[in-house]
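*Asks:* Next comes the sequence, and after it the predicted model I'd like to discuss.
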Amino acid sequence: MWLGKYRIADVQFLLAHPNSMTVIIKTTIDPAASAEGVPTGFMPSEDSASEEATAVPGQHREVTDPPDTIESSTFEQAQDLLEDKIAELAEQRNKPMKPITVLIDGPSGAGKTWFAARLSEHTQWQTVHLDEFYPGWQGLEKGSEMVNSQVLRKMNPGFWRWDWNAHAPAEWFSLDGRDNLIVEGVGAVTTANIEAATARGSVVTVMVTGPREARKSRALDRDEGYEDWFETWERQELEHFQRLVDEGLEPDVVWEWHYSTSSVHSA
């Protein structure tokens with residue numbers, strides 16, 4: 001399948017870090033067996049039920065260096081596993097009196113905001129959403145750059161909110177540089193953003209992904225105006241992920257969810 005100038009088969013992100021410590025949390029959901037364990041908005045359609053999760057950096061690697069994989073069967077299990085791994089890494093990398101930054105990336109509709117909300121609820125850390133300051137539908141790369149140039153900078157951190165109705169910057173939102181932060185959105189994980197987060201304290205990087213059709217359905221349900229822009233945004237996502245691959249960047253944790261094949265007939 002081709003999307004713009006990128007072929008999906010070429011964006012399988014086969015990374016070759018011999019010392020990589022990426023951990024994959026793989027969640028296989030069977031709604032027929034545990035429908036109440038599937039959060040609102042994550043139930044499969046016929047198009048998405050048998051589809052594999054969209055590839056992201058760190059998800060696939062040469063067989064000589066396979067990533068650690070942890071299996072789970074519910075979203076709650078996955079959430080607990082993710083939080084435990086983030087806590088473990090944050091403790092290992094702790095810098096006394098310095099804040100922790102968790103960068104959560106992944107394609108649209110994958111569940112980044114869902115997981116960030118629950119992580120924030122349990123940790124009481126502030127969450128910053130890139131959706132608040134992407135400068136329009138063509139602005140993924142620019143929004144990503146604003147994470148290091150504004151959100152994570154040492155002096156006067158914050159961001160200019162984007163008014164999606166006026167198509168223009170709105171008010172400035174200030175952040176406290178001493179606070180632990182969860183930064184979520186496509187483009188959150190880049191080399192420059194990791195460097196900025198490391199300069200202020202410690203950092204943990206997370207990628208979240210799920211089946212394309214399920215993600216698309218979730219994204220369109222959330223924002224009616226997104227339908228005309230989904231493929232435009234998706235091309236920017238692929239370009240972003242390809243840059244990470246070209247740089248050899250791997251996240252600390254990948255959460256990959258998909259549906260069991262039995263879901264095709266039971267959804």
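*Replies:* It's in.

*Asks:* Relative to Leu81, how far out is Ile182?
*Replies:* Look at Ile182 and Leu81: by C-beta to C-beta, to the nearest Å, they are 17 Å apart. Using the backbone N, CA and C atoms, a C-beta is placed for each residue, glycine as well.

*Asks:* So the two - more neighbours on which side?
*Replies:* Higher neighbour count among Ile182 and Leu81: Ile182, with 25 against 18, using other C-beta atoms under 10 Å.

*Asks:* count of neighbours near Glu234?
*Replies:* 21.

*Asks:* Wait, Thr74 touches Thr28, no?
*Replies:* No. Judged on C-beta atoms under 8 Å, Thr74 makes no contact with Thr28 at a distance of 9.7 Å.

*Asks:* which one of those two has more residues nearby?
*Replies:* Between Thr74 and Thr28, Thr74 has the larger neighbour count (other C-beta under 10 Å), namely 18 against 15.

*Asks:* Is Phe173 part of a helix or strand, or is it coil?
*Replies:* At Phe173 the chain is in strand, as set by DSSP: H, G, I helix; E, B strand; the rest coil.

*Asks:* per-residue confidence for it?
*Replies:* Turning to Phe173, the model gives it a pLDDT of 98.

*Asks:* Tell me, how many residues neighbour the closest residue to it other than its chain neighbours?
*Replies:* Nearest residue to Phe173, sequence neighbours excluded (C-beta to C-beta, 6 or more residues apart in numbering): Gly158, at 5.2 Å. Burial of Gly158 is recorded as 16 neighbouring residues (other C-beta under 10 Å).

*Asks:* Then Gln92?
*Replies:* Gln92: 9 neighbours (other C-beta under 10 Å).

*Asks:* Distance check, it against Trp255.
*Replies:* Taken as C-beta to C-beta, the span from Gln92 to Trp255 is 19 Å.

*Asks:* can you check Ala199 too?
*Replies:* Distance from Ala199 to Trp255, by C-beta to C-beta: 26 Å.

*Asks:* More neighbours: which of the two?
*Replies:* Trp255 (32 against 14).

*Asks:* ok now do the residue nearest to the spatial centre of the chain, which residues does it touch?
*Replies:* Nearest to the mean C-alpha position of the chain, by C-alpha atoms, centre = their mean, lies Asp105 at 2.4 Å. Asp105 is in contact with 56, 112, 184-189, 205-208, 251, counting by C-beta atoms under 8 Å, 6 or more residues apart in numbering.

*Asks:* okay, who's weakest in those by pLDDT?
*Replies:* Ranking these by pLDDT, Val56 lands last with 68.

*Asks:* Now that we're looking at Glu76, what pLDDT does it have?
*Replies:* On the pLDDT scale, Glu76 gets 87.

*Asks:* can you map out the strands along the stretch 151-267 of the chain?
*Replies:* Using DSSP state E, counting those that start in this stretch, the strands of the stretch 151-267 of the chain run over residues 158-163, 168-174, 181-184, 202-209, 253-259.

*Asks:* Would you mind writing the CA trace of the shortest one as PDB?
*Replies:* Right, strand 181-184. Provided in PDB are the C-alpha atoms of strand 181-184 (Å, rounded to 0.1, in the frame of the first residue of the first chain):
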ATOM      1  CA  LEU A 181       5.400  16.700  32.800                       C
ATOM      2  CA  ILE A 182       3.600  14.300  30.500                       C
ATOM      3  CA  VAL A 183       3.800  15.500  26.900                       C
ATOM      4  CA  GLU A 184       1.600  13.600  24.500                       C
END
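
*Asks:* For it, which strands pair with it and how are they oriented?
*Replies:* Under the criterion DSSP bridges, strand 181-184 sits next to strand 100-105 (parallel), strand 126-129 (parallel) in its sheet.

*Asks:* Export the ones you listed as CSV, with columns for distance to Tyr226 and mean pLDDT.
*Replies:* Conversion of the strands paired with strand 181-184 to CSV gives the following (distance: least, C-beta to C-beta, whole Å; pLDDT from 0 to 100):
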stretch, distance to Tyr226, mean pLDDT
strand 100-105, 18, 98
strand 126-129, 15, 98
